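Engineer: Turn this into a model:
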Amino acid sequence: MTWTVIILLIVVGLLLLLLEVLVVPGTTFVGVTGFVLLIISIWQTYVVYGSTAGHYTLLGILLLTFLALYFSLKSKTWRIMILNTQIDSKMNEVDPEKVKPGDAGKTISRLAPAGKAIINGEYYEVHTLGEFIDQQTEIVVIKVEYSKILVKPKN
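Structural biologist: You can find the predicted model right below:
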């Protein structure tokens, strides 16, 4: 076995081990395969090139593994891939002064059992008590809980 094949085994083994640590959770085929490739490269170095070359290869693999894990786990290494945006959207806020039980409105979408409706000239996400209401149906507000508006068809 030539040095090219041994170095190729080491590089592929280290890449598979890094992939196991960083991407694939748990002990999987990827990590075991990477570990086996590193063991084969060390074993073949001892067999083909002797104990001195085998010792250097073993120390080199240990050092490379440590350095690869160290630099790949540093926080600055992955800064490019980290999502840095902030979520500044709001949930459906209901002003208790604008929507009260007894207010009337009209569905914009089908309520199955939730959907959109217009109440007092403003659009809201509304919920029913489990029934389905077709769009363009007159509705009445039953209850307002925090950010949830419960409605029923107007009869």
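
Engineer: For the closest residue to K154 other than its chain neighbours, give me its contacts.
Structural biologist: Nearest residue to K154 in three dimensions, chain neighbours excluded: E138, at 4.0 Å (CB to CB, 6 or more residues apart in numbering). In this view, the C-beta of every residue, glycine as well, is placed from N, C-alpha and C. When contacts are counted by CB atoms under 8 Å, 6 or more residues apart in numbering, E138 is found next to A104, G105, K106, P153, K154.

Engineer: what are the ranges of the helices in this protein?
Structural biologist: Counting by DSSP state H, the segments of the chain that form helices are 3-22, 29-49, 51-73.

Engineer: what angle sits between the longest one and helix 3-22?
Structural biologist: Counting by axes from the mean of the first three to the mean of the last three CA atoms, to 10 degrees, helix 51-73 lies at 30 degrees to helix 3-22.

Engineer: Out of the helices of the chain, which is closest to G115?
Structural biologist: helix 3-22 (42.4 Å; CB to CB).

Engineer: in that closest one, what counts as buried?
Structural biologist: Within helix 3-22, the residues that count as buried by 16 or more other CB atoms under 10 Å are I6, L9, I10, G13, L14, L16, L17, L18, E20, V21.

Engineer: Quickly list the domain ranges of this protein.
Structural biologist: Domain ranges of the chain: 3-81, 104-153, per automatic domain parsing.
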